[in-house]
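Visitor: Sequence and predicted model, in that order:
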Amino acid sequence: MEKMVEAKTIDQIWEADRLERRQHSDFLYNFIVGEISKRKHRGKRSSYSLNIDAKWGGGKSFFLERFGEQIAEQGHVVAYVNAWRDDHASDPYIAIMAAIDRAFAPYVKKDPALKAAWDAVVANGGPLVVKALGGALKVLIKRHLGFEPDDIYLGDNAGPLKEAAEVTIEQSLEVGTKEIDKLFDGALEKMIGHFHKTDQAMRNFREKLAASVEALDSKKSDRKAPFFVLIDELDRCRPSYAVLLLERIKHLFEVDGVAFVFATNSEQLQHSITGTYGQGFNGFSYLKRFFDRTYIFSETSPWLRVEELCGSLDFQKIRVPDRDLTAFIYSGCLAYDLDLRAIEQIFEMIDVTVFAWPHKIPLDMLLLFPLCVTFYQKGEVDWMLAKSEIPKDWKIGHVQVVSHNGDTRDLRIDVARAFSAATDRFGSMEKIMSVRSSQVDNPSDEYVRETFLPEYNGLEVKRSAPSIQTSLLYLVANAGRLTQASLHQEPS
């Protein structure tokens, strides 16, 4: 009975899985747990690091969130780290520790042994604070010791080293750069000694963290190993922060019983790292140091993505051919040859426009979609420009067989023709009302007539007034500015 309840809960977790990512979840869970168990039996460090690789819009964040919920239901403790959200910090060490602390908090209260173990982790982790030294001193440290000063952890006992560094820099300004090596020699021995102490402090921290994870796997906490740390948006944060986060995890947090699952656009992350270190730097090889395996998601189906995005729109505010929003948008994406990134960004404009639409009569998607695409591609919102950019072969609907001898009637709506007819008329109700149903002889014109009909049918209207559909231009312009602002906030 217990298993049936759990299965139902997991079904609910994945209820909104329109990109069919759940199929990966059970496989990856069993794979990670199996690899950790295998390493433990072989006497190796039983940690594991998996990178889930998918392109932009591939459902990485959705998967990672649901994957975390599922394994939590299965009895594991899960910590979440959003690297992009946290990259304002100078060092990711604090963000990772905070995420683990939040994950442990409910169980520390119930288990005295776990509390003692975690308190030991915090006590040992406190001194591991990164200090950035002056540029001149960094060069000297690299020359004399062969390591970067950013790799040095200065703790509570850093007084002599800190003072030596400050004195060296201060005096170097007085006597000139030619004398800096002489001044540095006096601090060199202390720096080497402190480096060895720091190395021991790091080993102590890892031992305490491993003991804490082991204590978590107990009857009192009602949890089991491994402990999962899920890291999202690594490819969107500052490249320097991404590199530092990976280094901190490798040197401090990879301990027995811990599984790290990253969700990245690996290609974008490689480009960012290469851009940071310069041309010729192999970002691919560099990243391989940190991941035991990379699992590549299959390409996202544009239809499934469009279907998912359409599900978030208020359909009551939208008029669309054949009342099939997904089919219309998808056909438009094919007609304009839009990739997933373009689809996502155009949908942002559509979503904002639909939300802001103030009228009881629905907006027309046949008018809105070309406007949004044109703004995305050309950076302008203009009815005439949008009309000129509509693909001439974009048609909606089907061809109907009307007799036994095979005669057919083309019932498809020609989007370019319908858009042109609408924009020719909607400047005034006079023009709109002058088109009678008896004058309409094709599906495109009929669709346009029915779009405007609710604005005047049985109502007193000002004949010189424009259609409410003309306000789409203003709304799309504002929605486009919002979308552009949000894109400028993302790292390039």
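Guide: Ah, there it is.

Visitor: So for stretch 314-326, mean pLDDT?
Guide: Stretch 314-326 shows a mean pLDDT of 95.

Visitor: Between the two ends of that stretch, what distance do you get?
Guide: Length of stretch 314-326, first residue to last, Cα to Cα, to the nearest Å: 13 Å.

Visitor: Now do the buried residues in that stretch.
Guide: Neighbour counts over stretch 314-326 (16 or more other Cβ atoms under 10 Å) mark 317, 318, 319, 320, 321, 325, 326 as buried. All C-beta atoms are positioned from the backbone trio N, CA, C, and that covers glycine.

Visitor: okay if I get those residues as JSON lines plus secondary structure and distance to residue 211?
Guide: Shown next, in JSON lines, are the buried residues of stretch 314-326 (DSSP: H, G, I helix; E, B strand; the rest coil; distance: Cβ to Cβ, whole Å):
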{"residue": "317", "secondary structure": "helix", "distance to residue 211": "57"}
{"residue": "318", "secondary structure": "strand", "distance to residue 211": "58"}
{"residue": "319", "secondary structure": "strand", "distance to residue 211": "63"}
{"residue": "320", "secondary structure": "coil", "distance to residue 211": "60"}
{"residue": "321", "secondary structure": "helix", "distance to residue 211": "64"}
{"residue": "325", "secondary structure": "helix", "distance to residue 211": "55"}
{"residue": "326", "secondary structure": "helix", "distance to residue 211": "53"}
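
Visitor: Mind putting those residues into CSV with distance to residue 395?
Guide: Formatted as CSV, the buried residues of stretch 314-326 follow (distance: Cβ to Cβ, whole Å):
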residue, distance to residue 395
317, 25
318, 20
319, 18
320, 14
321, 10
325, 17
326, 17
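
Visitor: what's the closest of those to residue 239?
Guide: residue 326 (37.3 Å; Cβ to Cβ).

Visitor: Now do the contacts for that closest one.
Guide: By Cβ atoms under 8 Å, 6 or more residues apart in numbering, the contact list for residue 326 reads 303, 306, 307, 310.

Visitor: From what I see, the first one and residue 327 are in contact.
Guide: Going back to what we said before, that points to residue 303. No. Proximity of residue 303 to residue 327 does not meet the contact threshold set by Cβ atoms under 8 Å, at 9.2 Å.

Visitor: Out of those two, name the residue with the larger neighbour count.
Guide: Neighbours per residue (other Cβ atoms under 10 Å) separate residue 303 from residue 327, with residue 327 holding more: 18 against 15.

Visitor: Next up, the contacts around the more buried one.
Guide: residue 396.

Visitor: Same check on the one 5 residues further on?
Guide: Counting by Cβ under 8 Å, 6+ apart, residue 332 makes contact with 338, 369, 370, 373, 394, 415.

Visitor: After the helix or strand it falls within, which helix or strand is next?
Guide: For residue 332, the element it lies in under DSSP states H and E is helix 325-336. Sequence-wise, the next helix or strand downstream of helix 325-336 (DSSP H and E) is helix 340-356.

Visitor: What residues of that next one count as buried?
Guide: Within helix 340-356, judged by 16+ other Cβ under 10 Å, the buried ones are 340, 342-343, 345-354, 356.

Visitor: and it, what does it pack onto?
Guide: Applying 3 or more Cβ pairs under 8 Å, 6 or more residues apart in numbering; DSSP states H and E, one finds that helix 340-356 makes contact with helix 302-310, helix 365-378, helix 472-488.

Visitor: Noted, bye for now.
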